[in-house]
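Peer 1: Output the structure for:
(one chain, ligands or ions: 1)
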Amino acid sequence: MSPGVDSALLTPAEGPAAPAAAPVPGATETVLVLDFGSQTSQLIARRVREARVYCELVPGTTPAAEIRRRRPAGLILSGGPASVFAADAPRPDPEVYRLGVPILGICYGLQLLAHDLGGQVEPSLRREYGPATVIVDEPGLLFAGLPARLPVWMSHGDVIRRPPDGFRVVAHSQESPVAAMRDGAGRIGIQFHPEVVHTAMGQEILRNFLYRICGCAGTWEAAGFIDTAVAGVRERVGTERVICALSGGVDSAVTAALVHRAVGDQLTCIFVDNGLLRRGEGDRVVDVLTRSMRMDIRRIDAQAHFLGALAGVVDPEEKRRIIGREFIAVFETAARELGRVPFLAQGTLYPDVIESTAWDTPHAHTIKTHHNVGGLPERMQFRLVEPLRALFKDEVRQVGGGLGLPDDVVRRQPFPGPGLAIRIIGPVTAERLETVRAADWVVIDEMKRTGLYHRVWQSFAILTPISSVGVMGDHRTYANVVAVRIVESQDGMTADWARVPSDVLADISRRIVGEVPGVNRVVYDISSKPPSTIEWE
Ligand code: XMP
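Peer 2: Residues are numbered from 1 along each chain as shown. A predicted model of the protein is given here:
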């Protein structure tokens, strides 16, 4: 978490963020994930939405009455780090089991079902972690249409010895006598994780649960959410004015486009060009929004201002703090010039909402929030308009497409708020910015040319503080080393370096050394996250 840049947006003047209230625009059926603190709880929700069923996370301990009020079509009890034997283990309200709503317990969720309904759970002698094979003994609805042997991903310490009365064991594995169990009332538990990619047919299993057991029709579609969201913004804002800070990234562009569709000229956007963006990036967003949407955008050229504030700074967190602080200063001045504007439109997404909501469980998520636009001080007293707060990133891209934003804007790779400043190791100067920007351009250009750009999570260049000896023609050179980082990831929380074909790397290297002045060597970063991070700073 980056102090100064990140946290303030999450405590707006109106009070802390709360989960989006149901029903969400366009969602006719909802599945709730009762979150017991698993690293993959969010992923479960995303997978369910990929199956076109609207899904939200709620704390695992949410009272049954609250859950009933949401009228879910199904419940998923997530995994979690606790053991059901621990005194402080988070537990669902026992009434949840009796709501008459289908339940899928995953891993810890299975153990909860078994333990709370009278089965026997015991600590396993060997922790089962990693790939395993599950043998399906009775396909039933959950495994309908699937092979009898399923490659799955396991991660658990406890195992079920005996299922509760009324439950049948429907699958097993070598280490887990009960890899899946079900009763006649739509209550199911599975020991493995269907949401992770290593469970090859995990999505089919989730779909069976959603369609065959919960009876969902699968009609959720992010783009279908636009009309209702537009109406919602219109109702909230009335005839008042709205301000929106554009960052050059996807979330703020889609937010602006949506709010603009709702209230037109009542919206004014401020684009603080901090000079730390990728080549052409800010221009492209501003161009699209002004030309095709005729939006009122005030562009502030603040590169010199930011470079001045960053002069001589080498500490990464200090860079982030300065960029956050200066953003606020510049934005505040620009906003003041607009006179009275009560509303601020902001590109808060569902993962931000989840991560900023304190689940009342001792086993909360690992918190990591990065936001593209700096937090605004409370004294500015804006009322917030956050039309994207129910959506995941891929859904925001769909909404952006539905609003007419071009692909090169909505399908951009993620880019950190502090921009190129944290990709220059050491002090940020105009010259070093130009070097890293030019190298970055080559990486992106080659990735697009070879069709790899959208197949990776991020691909970019880092300017290292190292100089090395080289030879160009008859001359000895002593110049910068650029590192290239290309990673695959689902959500940025974990990542692996991309096995890009060596001839693509060769072209990237040749072009950087040939086209970017002051660089004579290129290295490829082969670290994964963890233990490394994606960015170098
Ligand atoms: P790390 O380096 O933490 O990055 O593995 C994970 C993801 O977050 C992005 N990132 C940031 N985004 N402000 C942002 O808006 C930041 O300070 C920041 N630091 C990292 C990074 O690009 C990657 O996608």
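
Peer 1: where in the stretch 301-450 of the chain is pLDDT low?
Peer 2: Along the stretch 301-450 of the chain, segments meeting pLDDT under 70 span 356-377.

Peer 1: Point out where the protein drops to low pLDDT.
Peer 2: For the chain, the stretches with pLDDT under 70 are 1-27, 356-377.

Peer 1: State whether Ile508 is indeed within a helix.
Peer 2: Yes - judged by DSSP: H, G, I helix; E, B strand; the rest coil, Ile508 forms part of a helix.

Peer 1: what about it, distance to Ala114?
Peer 2: 52 Å (C-beta to C-beta, to the nearest Å). The way it works is simple: take the backbone N, C-alpha and C, and place the C-beta from them, glycine included.

Peer 1: what does Gly473 give?
Peer 2: 73 Å.

Peer 1: so who does Asp93 touch?
Peer 2: Applying C-beta atoms under 8 Å, 6 or more residues apart in numbering to Asp93 gives the contacts 61-64, 67.

Peer 1: hmm, I was thinking of Thr28
Peer 2: 54, 217, 219-220.

Peer 1: Ok, Thr199 next?
Peer 2: Residues in contact with Thr199 (C-beta under 8 Å, 6+ apart) are 150-153, 192-193, 205.

Peer 1: Figure out the helix or strand that it lives in.
Peer 2: For Thr199, there is no helix or strand it lies in under DSSP states H and E.

Peer 1: And Ser459, by the same measure?
Peer 2: Element membership for Ser459, per DSSP H and E: strand 458-472.

Peer 1: quick one: Glu122 from Arg162, how far?
Peer 2: 9 Å.

Peer 1: Those two: who's more crowded?
Peer 2: Arg162 (16 against 11; other C-beta atoms under 10 Å).

Peer 1: before we move on, the earlier item: how about JSON lines for the contacts of Thr199, with neighbour count and secondary structure added?
Peer 2: Output for the contacts of Thr199, formatted as JSON lines (neighbours: other C-beta atoms under 10 Å; DSSP: H, G, I helix; E, B strand; the rest coil):
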{"residue": "Leu150", "neighbour count": "24", "secondary structure": "strand"}
{"residue": "Pro151", "neighbour count": "15", "secondary structure": "strand"}
{"residue": "Val152", "neighbour count": "26", "secondary structure": "strand"}
{"residue": "Trp153", "neighbour count": "20", "secondary structure": "strand"}
{"residue": "Phe192", "neighbour count": "31", "secondary structure": "coil"}
{"residue": "His193", "neighbour count": "23", "secondary structure": "coil"}
{"residue": "Ile205", "neighbour count": "24", "secondary structure": "helix"}
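
Peer 1: So which of these is the closest to Arg325?
Peer 2: Lowest distance from Arg325 to these (C-beta to C-beta) belongs to His193, with 41.5 Å.

Peer 1: Give me the domain ranges for this protein.
Peer 2: 30-213, 222-410, 429-524 (automatic domain parsing).

Peer 1: Quick check on the most far-flung residue of the chain relative to its centre: phi, psi?
Peer 2: The outermost residue of the chain relative to its centre, with distances by C-alpha atoms, centre = their mean, is Asp474 at 49.6 Å. The phi and psi values for Asp474, taken as degrees, to the nearest 10, are phi -100, psi 0.

Peer 1: any idea how far it is from the ligand?
Peer 2: Asp474 is 41 Å from the ligand, where distance means C-beta to the nearest ligand atom, to the nearest Å.

Peer 1: again, but for Ala311
Peer 2: Applying C-beta to the nearest ligand atom, the value for Ala311 to the ligand is 20 Å.

Peer 1: mind checking the SS state of the nearest residue to that residue once chain neighbours are set aside?
Peer 2: Among residues not flanking Ala311 along the chain, Pro427 sits closest, at 7.2 Å (C-beta to C-beta, 6 or more residues apart in numbering). Three-state call for Pro427 (three-state DSSP): coil.

Peer 1: For the remainder of this discussion, apply numbering that starts at 11.
Peer 2: Fine by me, first position is 11 from now on; the one you just mentioned is Pro437.

Peer 1: quick one: contacts for Pro437?
Peer 2: By C-beta under 8 Å, 6+ apart, the neighbours of Pro437 are 320-324.

Peer 1: if we can go back for a sec, if you look at the contacts of Thr38, which of them are in strands?
Peer 2: Within those, residues falling in strands by DSSP state E are Tyr64.

Peer 1: thinking again about what came up before, compare Gly483 and Ala124 and say which is more crowded by neighbours.
Peer 2: Between Gly483 and Ala124, counting by other C-beta under 10 Å, Ala124 is the more crowded of the two (26 against 5).

Peer 1: name the element the more buried one belongs to?
Peer 2: helix 118-126.

Peer 1: my guess is Gln52 meets Leu359, correct?
Peer 2: No - using C-beta atoms under 8 Å as the test, Gln52 is too far from Leu359 to be in contact (11.0 Å).

Peer 1: still on that earlier bit, for the contacts of Pro437, which two are the farthest from each other?
Peer 2: Distance extremes for these: the farthest pair is Ala321 and Val324 at 10.8 Å, using C-beta to C-beta.

Peer 1: For these two, indicate the residue with more neighbours.
Peer 2: Neighbours per residue (other C-beta under 10 Å) separate Ala321 from Val324, with Val324 holding more: 14 against 11.

Peer 1: Throw the contacts of Pro437 into TSV and include secondary structure, thanks.
Peer 2: As requested, the contacts of Pro437 are exported to TSV (three-state DSSP):
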residue	secondary structure
Leu320	helix
Ala321	coil
Gly322	coil
Val323	coil
Val324	coil
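
Peer 1: export those to a markdown table and tack on distance to Ala181?
Peer 2: Output for the contacts of Pro437, formatted as a markdown table (distance: C-beta to C-beta, whole Å):
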| residue | distance to Ala181 |
| --- | --- |
| Leu320 | 57 |
| Ala321 | 62 |
| Gly322 | 62 |
| Val323 | 57 |
| Val324 | 55 |
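
Peer 1: Need the contact partners of the helix holding Ala124.
Peer 2: Defining contact as C-beta under 8 Å, 6+ apart, one finds that helix 118-126 is touched by 44, 46, 48, 86-94, 101-102, 104, 107, 113, 115, 129-131, 166, 168, 170, 173-174, 177, 188, 191, 197, 199-201.
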